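Asks: From the sequence below, what's the structure:
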Amino acid sequence: MKIYVFGNLLVKEDNLPIKILPKLKKLFPEIQFEIADPNENFPPEEEKDLVILDTVKGLKEPKILKFEELQSMERTPNSPHDYDLMLHLQLLKKLKKINSVRIFGIPLSLDIGMTINWLKRVIPDLPRPSKPIGEVGIRNPELNRSR
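Replies: The predicted structure follows:
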């Protein structure tokens, strides 16, 4: 599973996801965390179901935002960044380049400890994408049979 991490270390209001990245990598070694810029070739073509960690202006508490919620936010974006990201994701969905989006929305004012504690509770509950039969790690009796 891959979680894309958005943020900017130089902007205090937008750096929390990147600041907690080393801790998340230790807590969840089975998950690939990747720093990404939504304005630069995002997402890679093979990615259809996106999971994103980002700060979200206007949230009072952390929240998992689904694509449907992003569509309702269309009329009231909180910042130009929110508008760009929402528009970009909606366009990708319309073009059938992505299937789903889940954003771990972190409020600007949440501290590091509370953010990590919340993520420790919600990340394990994420559905994991299934691997095709025969891929490494999946038992396929047909492939394991001696000839």
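
Asks: Could you tell me the phi and psi values at the residue nearest the centre of the chain?
Replies: The C-alpha lying nearest the average C-alpha coordinate of the chain belongs to I52 (C-alpha atoms, centre = their mean; 1.6 Å). Note on I52: backbone dihedrals following degrees, to the nearest 10 are phi -130, psi 140.

Asks: I'd say it and R102 touch.
Replies: Yes. Look at I52 against R102 with C-beta atoms under 8 Å: they come within range, at 7.2 Å. Where you see a C-beta, it was placed from the backbone N, CA and C, and this is true even at glycine.

Asks: What distance separates the opening and closing residues of stretch 28-37?
Replies: Taking C-alpha to C-alpha, to the nearest Å as the measure, stretch 28-37 stretches 22 Å from start to finish.

Asks: Likewise for stretch 17-25?
Replies: 12 Å.

Asks: Now find how far off-centre it is within its chain.
Replies: A distance of 13 Å separates the C-alpha centroid of stretch 17-25 from that of its chain, computed with C-alpha atoms, centre = their mean, to the nearest Å.

Asks: Where do the strands of the chain begin and end?
Replies: For the chain, strands defined by DSSP state E occupy the ranges 2-5, 32-35, 49-55, 63-66, 100-106.

Asks: Any idea which of these gets closest to N15?
Replies: Taking C-beta to C-beta, strand 49-55 is the member of the strands of the chain nearest to N15, at 8.1 Å.

Asks: can you state the direction angle for the closest one and strand 100-106?
Replies: Taking axes from the mean of the first three to the mean of the last three C-alpha atoms, to 10 degrees, strand 49-55 and strand 100-106 form an angle of 20 degrees between their directions.

Asks: buried sites along strand 49-55?
Replies: Under the neighbour-count criterion of 16 or more other C-beta atoms under 10 Å, strand 49-55 has L50, V51, I52, L53, D54, T55 buried.

Asks: CA atoms of it as PDB?
Replies: As requested, the backbone C-alpha atoms of strand 49-55 are provided in PDB (Å, rounded to 0.1, in the frame of the first residue of the first chain):
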ATOM      1  CA  ASP A  49      -7.000   4.300  -5.700                       C
ATOM      2  CA  LEU A  50      -5.200   7.200  -4.000                       C
ATOM      3  CA  VAL A  51      -4.500   7.600  -0.300                       C
ATOM      4  CA  ILE A  52      -3.200  11.100   0.600                       C
ATOM      5  CA  LEU A  53      -1.900  12.600   3.800                       C
ATOM      6  CA  ASP A  54      -2.200  16.400   3.800                       C
ATOM      7  CA  THR A  55      -3.100  19.400   6.000                       C
END
